[in-house]
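In: need the 3D shape of this:
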Amino acid sequence: MKVNYVTWLSCLIGLILGCSSGSEDPAGGGGGTPEIFISNDRVPEGTSTIRTADVRFNLSAATDKPVTLTYTTVDKSAVAGEDYTTTAGTISFAAGETQITESIPLTNDDQLEFDESFLIQVSNIQNGVMPVPEVPITILDDDTYTPVEDADGFITPTTYPSMELVWGEEFDGSALDGDSWNFELGDGCPNLCGWGNNELQTYTEANTTIASGKMVITAALNAGPPTYTSSRLTTQDKKEFKFGRIDIRAKLPQGQGIWPALWMLGANIDIVGWPTCGEIDIMEAVGHEAFRVHGTAHYNNNGHNFSGAPYSIDVSETFADKYHVFTILWQEGSIQWFVDYQPFYTISASLTGPSYPFNSSFFFIANVAVGGDWPGSPDGTTVFPQVLDVDYIRVFQNPNL
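Out: Numbers count the residues shown, from 1 in each chain. Reported below is the predicted structural model:
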């Protein structure tokens, strides 16, 4: 028998590669192996008691062969049992079918929290391919919140779903905790006279007291020199944080020329300087507008830039009347500001460009300035002393982020 070795070799190679002459398209229909992808990957948490993430599994093209896969959910920042229900299953596309929807139960709550995500992991694929077999599903926090008050003002919880309290400064001792706080003293001279803003006060330790579970910073008028004294405290090199939910409950001073602030600076300030290090003003106010506070971010983009917004209560009230809670939700690439659970401003890396400095560690500052470029000087209407009364500072973080 005469063998055509060229034909025989060609057939052998074709069998090895799975593409011998006359073989069918493995996916059928002549379109190649279909790709599998997932859509509807961002879903609102919703407010109904029964809520699902309706995740769509798709084929890039119809095929005359069944396509199957198995999937399971895996925790990321969302936690099974708290934010969603663990779900696993098998998907089977019949011939000609290109989309199948799987419903994953979500857990609704009314807590102020980050957008959270879990993963869909895909395996055991038959008659298809999935270039990215692990896809995050994002649960968008879309809750509305009812602020909670007690006898002396607004309050916030001590726990949140999927978050851990990593620092809680409740000021319960008889003195300031030296393991957490530093005093910055004097008038800023010689390097930063007037603290960079032409402020009039001299900072001292004596103007801060701890009593009844509160830290009280007092701005005082004195007989002479210095005319005005106050305090400025930081947690630099002691308590520094990167990302989280931060709640600060405080009652503010008021009056012309009074300038309280609860804020943060980048921990690398001694290396890169300000404003390159970044500044997060969680709450800043000028006392002649006692019904309004501001949330602001400062950064360097070819020079000093800042972006922020005010938040106002009814003009018949002031932030000195009772406690309010000043909050930021701070995650990679964005910061959102709240007062008493009400959102009023968000900044993201898309706004600042490549100079965005807020993905690094920051430390806290609490102070009351007197005078300065923004509020101006005190006048005959200003009543002294004025106090910034801080009830607590709490930092919560999601351990899965």
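In: hey, let's count contacts and neighbours off CA atoms from now on
Out: Noted.
In: quick one: residue 287 and residue 255 touch, right?
Out: Yes - with contacts defined as C-alpha atoms under 8 Å, residue 287 counts as touching residue 255 at a distance of 4.3 Å.
In: who's more crowded, the two?
Out: Set residue 287 next to residue 255 and count neighbours by other C-alpha atoms under 10 Å: residue 287 wins out with 26 against 19.
In: contacts only, for that one.
Out: Residue 287 makes contact with 253, 254, 255, 256, 257, 258, 259, 260, 375 under the criterion C-alpha atoms under 8 Å, 6 or more residues apart in numbering.
In: what bits of this protein have low per-residue confidence?
Out: Applying pLDDT under 70 to the chain flags the ranges 1-31, 46-50, 109-114, 142-145.
In: which among the contacts of residue 287 count as buried?
Out: Buried members of the contacts of residue 287, scored by 16 or more other C-alpha atoms under 10 Å, are 253, 254, 255, 256, 257, 258, 259, 260, 375.
In: now those residues in TSV, with secondary structure and distance to residue 356?
Out: Output for the buried ones among the contacts of residue 287, formatted as TSV (DSSP: H, G, I helix; E, B strand; the rest coil; distance: C-alpha to C-alpha, whole Å):
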residue	secondary structure	distance to residue 356
253	coil	32
254	coil	33
255	coil	34
256	coil	34
257	coil	32
258	strand	30
259	strand	27
260	strand	26
375	coil	28
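In: in this structure residue 298 contacts residue 282, no?
Out: No - with contacts counted by C-alpha under 8 Å, residue 298 stays clear of residue 282, the gap being 11.5 Å.
In: closest to residue 146 out of the contacts of residue 287?
Out: Residue 146 lies nearest to residue 253 out of the contacts of residue 287, by C-alpha to C-alpha, at 25.7 Å.
In: look up phi and psi at that closest one.
Out: Backbone torsions of residue 253, given as degrees, to the nearest 10, read phi -80, psi 170.
In: if we can go back for a sec, widest-spaced pair of the buried ones among the contacts of residue 287?
Out: 253 and 375 (12.9 Å).
In: ok, residue 103 touching residue 55?
Out: Yes - counting by C-alpha under 8 Å, residue 55 is a contact partner of residue 103 at 6.2 Å.
In: how about the helices in the protein?
Out: Along the chain, the segments classed as helices by DSSP state H run 5-17, 269-272, 349-352.
In: ends of stretch 232-240, what's the gap?
Out: Terminal residues of stretch 232-240 lie 17 Å apart, using C-alpha to C-alpha, to the nearest Å.
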